[in-house]
Each structure stands twice: as structure tokens, then as C-alpha cells.
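*Asks:* Next input, structure requested:
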Amino acid sequence: MRVLVVEDFEVLARSIGTGLRHEGMAVDVVLDGTAALDRLAVTRYDVVILDRDLPGVHGDDICRHLAQGRCETRVLMLTASDTIEDRVDGLSLGADDYLPKPFAFAELVARVRALARRATPPLPPTLESGDLTLDPARRTAFRAGRRLELSPKEFGLLECLLADPGLVMSAEELLERVWDEAADPFTSAVKHTMHRLRAKLGDPPVIETVREGGYRIGSP
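*Replies:* Numbering: from 1, shown residues only. All right, here's what the predicted structure looks like:
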């Protein structure tokens with residue numbers, strides 16, 4: 001899941017970003033509306049966590065921009081105001097959900113996950129291929145009944161491949177979906193993480209390397 005956090009209070013923005021990364025999400029953080037539009041122009045996000053009162057370009061204008069573009073990105077609007085009128089205004093602008101500050105982090109995570117399910121085609125609650133199963137909600141994976149102890153990035157790679165069995169995904173696609181803005185586009189992070197994931201999955205191999213430089217699970 002790729003998430004953009006747009007919040008001008010830097011301490012809160014960084015805190016949200018760190019917490020969501022611990023939940024296995026790829027997160028980019030910006031502190032003003034202009035930077036948010038720049039990121040949205042070049043990166044597809046599943047969910048945008050959008051503070052309403054932003055410097056530069058106001059959060060309302062960003063929300064209108066996304067709604068008018070008919071993109072699949074979902075918007076969770078944050079604001080210090082908790083009045084019914086403000087909630088109605090935010091939803092009327094095109095926001096998909098509205099969360100007043102202060103909020104419980106667990107609720108934020110639950111709302112982001114719910115919005116992400118609406119941003120992409122629905123998947124079964126458990127992803128399976130042969131003796132391999134993965135539960136995205138519980139963040140658990142098993143092979144032949146054996147629980148796999150995976151890092152967040154290893155879990156993310158496996159989830160991407162199981163979500164589209166038989167589909168070849170390039171290293172660039174996996175880097176974009178599982179890593180965030182801090183990742184070097186020329187890095188070998190995908191290759192090294194894939195090596196560790198394969199070692200944990202054991203034999204017989206389930207992840208195939210395609211000659212053109214991609215990876216897949218299952219038959220095309």
C-alpha cells in the first residue's frame with residue numbers, strides 16, 4: 001500500500017509516517033500543499049492523508065483536484081475542527097473519510113486500510129498459491145502450515161506477487177509499491193530482499209524469476 005501524508009505540523013507528519021511504515025505501508029511525507037501536488041503528479045497513491053489547513057495550496061483545493069481528476073486515490077481528511085458543518089464540507093469536497101484531531105493511531109490505521117480496499121479491486125481475505133497462504137489484515141503468512149517470520153518489506157513483496165498470481169512484476173514496479181520516497185531507484189534492495197524472502201520460503205521454489213527481469217508466483 002502506498003500512502004501520502006500531507007501535514008504541515010512536522011512532528012505529527014513524521015510520527016504518522018513512521019507508524020504507518022511499521023504497519024507495512026510505503027509512506028511519503030510532505031509538509032505543504034504545493035509539494036503534495038508535485039508528488040501526486042508523478043506517483044500513484046492508494047490513500048492520501050490530507051490535513052485541511054495547509055500552507056501553499058490549501059487542503060480543500062488538493063481534494064478538489066483529486067476529485068476532478070477522477071483518480072482512484074482515496075482521501076482521508078484531517079482537521080482540528082470537529083463540527084458537523086466541517087465534516088460535511090470536507091466530504092462535499094470529495095474526501096472519502098474525515099478524521100478530527102486528536103485521534104487514536106489505531107483508528108487512523110483502520111481507516112487507511114478500509115480506504116485502500118476501496119481504491120483497488122477487492123481481494124479475498126486470504127491470498128493463496130499452492131501451500132502458501134497470506135493474510136494481509138493479520139500480517140501473517142504460512143507455508144505448508146509453517147508460519148513465516150517475514151520483515152515488512154519481505155511481506156510486502158510476497159503480498160504484491162500473491163495479489164496477482166501469474167502476473168510478472170518488474171523490480172521497478174515492486175520498488176514503487178513496497179518502498180517509499182527514501183528508496184534509491186537504482187538500488188538493488190528488491191533483489192536482496194527477494195533473496196531473503198526465497199530463503200525463508202524454502203523448497204521447492206515458488207517465486208519464479210522471468211528472463212526479462214521480473215518476478216511472479218504461479219503460472220501465467
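
*Asks:* tell me which residues form a beta bridge with Met77?
*Replies:* Counting by DSSP bridges, Met77 forms beta bridges with Leu50, Tyr98.

*Asks:* Surely Arg113 is in contact with Glu107?
*Replies:* No: in this structure, Arg113 is not within contact of Glu107 by CB atoms under 8 Å, at 10.9 Å. All C-beta spots, glycine's among them, are computed from the backbone N, C-alpha and C.

*Asks:* what about those two, which has more around it?
*Replies:* Remark: of Arg113 and Glu107, Arg113 carries more neighbours, 16 against 10, as counted by other CB atoms under 10 Å.

*Asks:* Helix, strand, or coil at that one?
*Replies:* Three-state call for Arg113 (DSSP: H, G, I helix; E, B strand; the rest coil): helix.

*Asks:* Next up, the contacts around it.
*Replies:* By CB atoms under 8 Å, 6 or more residues apart in numbering, the contact list for Arg113 reads 1, 137.

*Asks:* Check Ala35 too.
*Replies:* 6, 56.

*Asks:* mind checking the SS state of it?
*Replies:* helix.

*Asks:* separation between Pro102 and Val57?
*Replies:* To Val57, Pro102 is 25 Å away according to CB to CB, to the nearest Å.

*Asks:* okay, the two: which has more neighbours?
*Replies:* Val57 (16 against 8).

*Asks:* pretty sure the more buried one contacts Val30?
*Replies:* No: the criterion here is CB under 8 Å, and Val57 misses it with Val30 at 10.9 Å.

*Asks:* what sits in contact with each of the two?
*Replies:* Ala36.

*Asks:* Would you mind pulling up the elements that the lowest-mean-pLDDT helix or strand in the chain packs against?
*Replies:* Here the helix or strand of the chain ranked lowest by mean pLDDT, DSSP states H and E is helix 84-92, holding a mean of 72. Contacts defined by 3 or more CB pairs under 8 Å, 6 or more residues apart in numbering; DSSP states H and E place helix 84-92 against strand 74-79, strand 97-100.

*Asks:* the inter-axis angle of that helix versus strand 74-79?
*Replies:* 150 degrees (axes from the mean of the first three to the mean of the last three CA atoms, to 10 degrees).

*Asks:* Nothing else from me, thank you.
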